[in-house]
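Q: Take this sequence and fold it.
(one chain, ligands or ions: 1)
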Amino acid sequence: MKWNVALLQMDIAFGQPEKNVEAIRNFVNQLQSSDERPDVVLLPELWDTGYDLKRLDEIADKNGERAKQLLSDAAEKLQAHVIGGSVAENRGGRMYNTTFVFDRSGKLAGSYSKAHLFRLMEEEKFLAAGDRPGVYILDGQPVSSVICYDIRFPEWVRVHALQGARALFVCAQWPHPRLHHWRQLLISRAIENQMYVIACNRVGEGDGNTFCGHSMVINPWGEIIAEGMQQEEIIRAEIDLTLVDEVRSRIPVIADRRPDLYRL
Ligand SMILES: O=C(O)CCC(=O)C(=O)O
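A: Predicted coordinates for the structure are as follows:
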C-alpha cells in the first residue's frame, strides 16, 4: 500500500479560530487544485486556538463540532484521509487537546486526546489528559497518532506499535531551542518501532515561543525522506507501507521483546 502524504506546516493565529479555519480552507483548496492529490493529509497541534489556553472557556470547540465539520468536508473534497492535527475540545465543560481522524469518505475514523500534558506550557492547569491510544484503520491499514510531548514517552508509542500500527502520525507545536530533540526523538520512535513516522509541526511565533517547523517523514529504517524548513509550506512524500513488513522481518524487534524483564 502506497500513500502520498501531505503535511500542512502552517502558522497559527493566537486565539483566533475563525482565522485559522480560513487558513486550513485555503490549504485544502491549494491541494485540490494541484496535480498531485494526497492520500493522507496531516495538520499541526492546536491549529484552531494556538496556545491561548487562558481563554479556552470562550474559544474551545464544543465537542469538536467546528473541527469535525471542516475536516470531514476536507476529507470528502480531497478523497483523502485527514489526520486532523489537534484542536481545543470542550467536552462536557472539560478541555482536551484532541485529534479527529476522517477517512476518504469524510467519515470519522476515530479520535485521540493528548495523554501527556506539557508542564512547561502549563497544559496541566487548563487541559484534561486523554487515556486511550489513538489507533485507526485507514484503507485497511492500522495507523496511529500522538500529540507533541507524547513523543518523549517511548513506552506510549510502543503501545500503539503493539496494537499493530504501521505508521505514527504526530502533530505538534514544538518550539526552539529544542529542534534537535524533535528530530532525534522522531527518528528514534521510527527506528525502535520499525514504523513510518509522519510529523507535522507549526511555524511562527506565539506566547513567547518561536516554533521550529522541520516537519518530517521518516521511514521504518529511520531515514528522513522529507523534511520542511522553518516557513509555511506543504511537505509531501510517498510512503510504502510494505517497507514496514520488510524491516520488521529483517530485524524482528517486536517478536524479540522480553516483557518479562521490563517490569519495575
Ligand atoms: O517536549 C517538548 O520539548 C515540547 C512539547 C510541546 O511543546 C508540547 O507538547 O506542546
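Q: Quick one: name the residues of the protein near the ligand.
A: Residues of the chain lying close to the ligand (Cβ under 6 Å from any ligand atom) are 118, 121, 148-149, 152, 173-174, 178, 181. (Each C-beta comes from the backbone N, C-alpha and C, glycine too.)
Q: and these, which of them are in helices?
A: His181 (DSSP state H).
Q: From the residues of the chain next to the ligand, keep the buried residues only.
A: By the neighbour-count criterion of 16 or more other Cβ atoms under 10 Å, the residues of the chain next to the ligand include these buried positions: 118, 121, 148-149, 173-174.
Q: What number of neighbouring residues does Arg66 come out with?
A: Arg66: 17 surrounding residues under other Cβ atoms under 10 Å.
Q: Show me what the stretch of helix or strand it belongs to is packed against.
A: Arg66 belongs to helix 65-78 when elements are defined using DSSP states H and E. On a contact count with 3 or more Cβ pairs under 8 Å, 6 or more residues apart in numbering; DSSP states H and E, helix 65-78 meets helix 17-32, strand 40-42, strand 81-83, strand 87-91, strand 94-102.
Q: Including mean pLDDT, distance to Val197 and mean neighbour count, could those go into TSV?
A: Output for the helices and strands packed on helix 65-78, formatted as TSV (pLDDT from 0 to 100; distance: least, Cβ to Cβ, whole Å; neighbours: other Cβ atoms under 10 Å):
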stretch	mean pLDDT	distance to Val197	mean neighbour count
helix 17-32	98	22	16
strand 40-42	98	11	26
strand 81-83	98	13	30
strand 87-91	98	22	23
strand 94-102	98	15	24
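Q: of all these, which lies closest to Ser188?
A: strand 40-42 (19.7 Å; Cβ to Cβ).
Q: Tell me the strands beside the closest one, with direction?
A: strand 2-9 (parallel), strand 81-83 (parallel) (DSSP bridges).
Q: quick one: contacts of the shortest one?
A: Residues from elsewhere that reach strand 81-83, judged by Cβ atoms under 8 Å, 6 or more residues apart in numbering: 39-43, 71-72, 74-75, 99, 101-104, 109, 138-139, 145, 169, 171.
Q: ok, 7 Å please
A: 39-42, 71, 74-75, 99, 101-104, 138, 145, 169 (Cβ atoms under 7 Å, 6 or more residues apart in numbering).
Q: Now stretch 180-196: average pLDDT?
A: Averaged over stretch 180-196, pLDDT sits at 98.
Q: for that stretch, which positions count as buried?
A: 182-183, 185-191, 193-196.
Q: what's the answer for stretch 69-87, then?
A: For stretch 69-87, a neighbour-count test (16+ other Cβ under 10 Å) marks 70-72, 74-76, 78, 80-87 as buried.
Q: Among the residues you listed, pick out the one closest to Leu264, please.
A: Proximity of the buried residues of stretch 69-87 to Leu264 was ranked by Cβ to Cβ; the top entry is Ser86 with 30.6 Å.
Q: Once you drop chain neighbours, what's closest to Lys54?
A: Phe126 (7.2 Å; Cβ to Cβ, 6 or more residues apart in numbering).
Q: what does Asp39 give?
A: Using Cβ to Cβ, 6+ apart and skipping the chain neighbours, the partner closest in space to Asp39 is Trp3 (4.0 Å).
Q: now swap in Val146 and tell me
A: Nearest residue to Val146 in three dimensions, chain neighbours excluded: Val170, at 5.8 Å (Cβ to Cβ, 6+ apart).
Q: so who does that neighbour touch?
A: If you count contacts by Cβ under 7 Å, 6+ apart, then Val170 has 146, 151, 186, 197, 199 around it.
Q: now swap in Phe14 and tell me
A: Taking Cβ under 7 Å, 6+ apart as the criterion, Phe14 is in contact with 50, 52, 206-207.
Q: Pull out the buried residues from those.
A: Those of the contacts of Phe14 that meet the buried threshold are 50, 52, 206, by 16+ other Cβ under 10 Å.
Q: In strands only, show me those residues.
A: Assignment to strands by DSSP state E places the following of these there: Gly206.
Q: Would you reformat the buried ones among the contacts of Phe14 as CSV and include distance to Leu243?
A: Below are the buried ones among the contacts of Phe14 laid out as CSV (distance: Cβ to Cβ, whole Å):
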residue, distance to Leu243
Gly50, 35
Asp52, 40
Gly206, 36
